[in-house]
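# Got a predicted structure here, sequence first:
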Amino acid sequence: MQVSNNHTVEKIGGTSMSQYEAVRDNIIFNPALKNPYQRVFVVSAYAGITNLLLEHKKTAEPGVYGRFAQAEEDQSWIEAFALVRQKMLDINQELFGDGQLKNKADKFILRRLDDAERALADLNSLCQHGHFELDDHLAKVREMLASIGEAHSAWNMAHLLQKEGVNAVFVDLTGWNIDKAVDMDELIKDAFFSLDLRECLPIATGYCHSEKGLMATFDRGYSEMTFSRIAVLTQANEAIIHKEYHLSSADPKLVGEDKVVPIGMTNYDVADQLANLGMEAIHPRAAKGLRQSEISLRVKNTFEPQHKGTLITSTYVSDKPKVEIVAGRQQVYAFELFDQDMMGQVNKFDVKILSIINELKIEMVSKDVTANSITHYLSCNLKKAKRLLVLLEKYFPEAEINLRKVCIVSAIGSDMQEAGMLAKAVKAIAEQGISIQALHQSMRQVDIQFVLDEKHFDQAVIALHQHLVETAPEV
Ligand SMILES: Nc1ncnc2c1ncn2[C@@H]1O[C@H](COP(=O)(O)OP(=O)(O)O)[C@@H](O)[C@H]1O
Ligand SMILES: N[C@@H](CC(=O)OP(=O)(O)O)C(=O)O
């Protein structure tokens, strides 16, 4: 590639991808730009497709992968496959209408789907033999299935844009046709090496093959890793994420589009806190690469092309201490382990608990300790929570273990060091008659976290936003 340091790398999220006209008119042909080039696009699967291929991101309802992994005798993954195939063909119909290009698009994606379905069927029958364990192959199955979603959306977008006269190039990073594992960085460098960004517009798959497995390392939201790696390796001038909404002071769907305000600027610290809560302004590991390479990140609203969006840099700090965002996480399991013997040796207990949590690959959102108890706040499905409970009971037979489903609601800002900020936040919650289960504020002064009963999530977000953002004096 002609490294010019004069290009941007831009990711288009799944919700935006499902609205092609908006992507074409507002992003590709953004009126503020002279021409569509000097940009690299990295695209996610259309909204809902990865949920059908793997499992629902929020509810964990199993898709093809979830069903395939569940039981060798259960053949319901075949029905799940039929569902995702139909959904992908429906999307093609809507985008291309009838004609040659639609046939080409169908042929492309059907080949991948058929290849994958055959591979799963073969694996399933192989694993009927005692010598083969399904579990040994599931990680590869997950990678294979995930990659189909982004191959679909990227192929379609490149070909739709070609129809509009743009020299768009489909960049397939899925590694579908390669015969040996390749390093992710090598694959990206190879793919972009021969491209002249002055006259072609690469549309790259948000899924990228890697020796260790993209899903295994980063799991859902992985397209941001591909995006970040491409931005770093091609030395982008700026990295841009296009989303359905502005990065706002709270979820517009929950608090109301008229009440939230777009965030003008913020820093990577804030982005990390948001990602930790599952808001995914950007995948925290993706942010690390951009931050280290000093590439700033802009989050833009697909539907308001004139708006500059939110600029995330490593250096920004708000002029005055303030709460920038109220966000939260539902479906959190609080595991409280209490043992009188823990007194004076909390560390010893914690090391073992953490090793079990890691073994089960459960994500930790927060934790707190007292002299004789440790509580981990974990984000996982019920199945994993039950598994963890069994293991903890086995390893700590003397301990009392309490498991509760909670939510975490958090007020976040790049600088929140102001006397009275915490009191104001507590008052906002207390006024609603909500009882606080736990409260965390770290020395880094970038967030205040409330652990609450699940049912209070919406009410707490709305109340905190009202008292800390809507009524806060303008800075
Ligand atoms: N502070 C916030 N600002 C903007 N969106 C938010 C915020 N908190 C939660 N959301 C929610 O995030 C969701 C995901 O954003 P979206 O642009 O649809 O993602 P993707 O681009 O990955 O498809 C939106 O449905 C929105 O309601
Ligand atoms: N489609 C993948 C990857 C991704 O990052 O998607 P999105 O940009 O829509 O969050 C997923 O759902 O995990």
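That came through fine. Ligands and ions are numbered 1, 2, ... in the order given.

# so who does D106 touch?
Neighbouring residues of D106 by Cβ atoms under 8 Å, 6 or more residues apart in numbering: L89, N92. C-beta here means a position set from N, CA and C on the backbone, and glycine is covered the same way.

# what about it, distance to L113?
Remark: distance between D106 and L113 (Cβ to Cβ, to the nearest Å) = 10 Å.

# Which secondary structure state does I448 sit in?
Three-state assignment for I448 (DSSP: H, G, I helix; E, B strand; the rest coil): strand.

# Point out where the stretch 251-400 of the chain drops to low pLDDT.
Scanning the stretch 251-400 of the chain for pLDDT under 70 picks out the ranges 280.

# Can you name the residues of it sitting close to ligand 1?
Within the stretch 251-400 of the chain, the positions near ligand 1 by Cβ under 6 Å from any ligand atom are D251, P252, K253, M279, I325, A327.

# Now do the contacts for the fifth one.
Put plainly, it is I325. By Cβ under 8 Å, 6+ apart, the residues touching I325 are L247, S248, S249, A250, I263, T266, V270, L274, A411, I412, G413.

# Ramachandran angles for the closest residue to the fifth one other than its chain neighbours?
In other words, I263. Nearest residue to I263 in three dimensions, chain neighbours excluded: T310, at 4.6 Å (Cβ to Cβ, 6 or more residues apart in numbering). Main-chain torsions, T310, degrees, to the nearest 10: phi -100, psi 130.

# what bridges to T310?
Beta-bridge partners for T310, by DSSP bridges, are V299.

# and whatever residue of the stretch 301-450 of the chain ends up closest to ligand 2, what is it in contact with?
Per Cβ to the nearest ligand atom, T302 is where the stretch 301-450 of the chain lies closest to ligand 2, at 12.1 Å. Residues near T302 by Cβ under 8 Å, 6+ apart: I12, S16, Q19, A22, V23, N26, I27, H242, K243, E244.

# and those residues, which of them are in strands?
I12, H242, K243 (DSSP state E).

# which one of the residues you listed has the most neighbours?
Most neighbours among these, by other Cβ atoms under 10 Å: I12, with 27 neighbours.

# On the three-state scheme, the closest residue in space to N301 that isn't next to it in sequence is what?
In space, and not counting its chain neighbours, N301 is closest to H246: 4.5 Å by Cβ to Cβ, 6+ apart. Secondary structure, three-state DSSP: H246 is coil.

# So which of the residues of the stretch 251-400 of the chain next to ligand 1 are in helices?
Of those, the ones assigned to helices by DSSP state H are P252, K253.

# Show me which of the residues of the stretch 251-400 of the chain next to ligand 1 are buried.
Neighbour counting with 16 or more other Cβ atoms under 10 Å marks D251, P252, M279, I325, A327 as buried within those.

# Show me which of these is closest to Q93.
Nearest to Q93, judged by Cβ to Cβ, of those is P252 at 30.8 Å.

# burial count for D114?
When neighbours are counted by other Cβ under 10 Å, D114 registers 12.

# what's the spacing between it and A146?
Computed with Cβ to Cβ, the distance linking D114 and A146 is 17 Å.

# Contacts only, for the residue nearest to N301.
Going by Cβ under 8 Å, 6+ apart, H246 touches P252, P262, I263, V299, K300, N301, E304, H307, G309, T310.

# what's the answer for G14, then?
Shown in contact with G14 (Cβ under 8 Å, 6+ apart): S44, A45, Y46, A47, G48, I49, T50, S153.

# now, among these, which is nearest to H283?
Among these, S44 lies closest to H283 (Cβ to Cβ), at 11.8 Å.

# List the contacts of the closest one.
With Cβ under 8 Å, 6+ apart, S44 has these contacts: K11, I12, G13, G14, M17, T50, G149, E150, S153, G206, S223.

# Show me which of these are buried.
Neighbour-count burial (16+ other Cβ under 10 Å) applied to the contacts of S44 gives K11, I12, G13, G14, M17, T50, G149, E150, S153, G206, S223.

# Local confidence estimate at the fifth one?
Taken from the predicted model, the pLDDT recorded for M17 is 97.

# Report the separation between L95 and V171.
Using Cβ to Cβ, L95 is found at 19 Å from V171.

# who's more crowded, those two?
Neighbour tally, L95 and V171, criterion other Cβ under 10 Å: the higher count belongs to V171, 21 against 18.

# what sits against the more buried one?
The neighbours of V171, taking Cβ under 8 Å, 6+ apart as the test, are A154, A191, F192, L195, P202, I203, A204, T205.

# now the third one, what's its secondary structure?
Looking back up the chat, that one is F192. Three-state assignment for F192 (three-state DSSP): helix.

# What count of nearby residues applies to it?
By other Cβ under 10 Å, the residues close to F192 number 20.

# pLDDT score assigned to it?
Predicted confidence (pLDDT) for F192: 94.

# Can you verify my assumption that it contacts V40?
Yes. Using Cβ atoms under 8 Å, F192 is in contact with V40, at 7.4 Å.

# residue contacts, the residue of the chain found nearest ligand 1?
Minimum separation of the chain from ligand 1 (Cβ to the nearest ligand atom) falls at G13, amounting to 1.8 Å. Applying Cβ under 8 Å, 6+ apart, we find G13 in contact with S44, I241, H242, K243, E244.

# correct me, but the last one touches E304?
No. Under the criterion of Cβ under 8 Å, E244 is not in contact with E304, lying 10.9 Å apart.

# Tell me which of these two has more neighbours.
Remark: of E244 and E304, E244 carries more neighbours, 17 against 13, as counted by other Cβ under 10 Å.

# With adjacent residues omitted, what lies nearest to that one?
Once flanking residues are discounted, E244 sits nearest to T15: 4.2 Å by Cβ to Cβ, 6+ apart.

# Any idea how many residues pack against that neighbour?
T15: 16 surrounding residues under other Cβ under 10 Å.

# M364 now?
M364: 15 neighbours (other Cβ under 10 Å).

# In contact with it, which residues?
Taking Cβ under 8 Å, 6+ apart, we find M364 in contact with I357, H376, Y377, L378, S379.

# The host helix or strand of the second one - contacts with which helices or strands?
Element membership for H376, per DSSP states H and E: strand 373-379. In terms of contacts (3 or more Cβ pairs under 8 Å, 6 or more residues apart in numbering; DSSP states H and E), strand 373-379 is packed against strand 325-338, helix 346-359, strand 363-369.

# quick one: which of these is nearest K383?
The closest of those to K383 is strand 325-338. By Cβ to Cβ, the value is 11.4 Å.

# Centre of the chain to the closest one, how far?
Its chain's average C-alpha position is 18 Å from that of strand 325-338, according to Cα atoms, centre = their mean, to the nearest Å.

# any idea of the angle that strand forms with helix 346-359?
Relative orientation of strand 325-338 and helix 346-359, computed by axes from the mean of the first three to the mean of the last three Cα atoms, to 10 degrees: 110 degrees.
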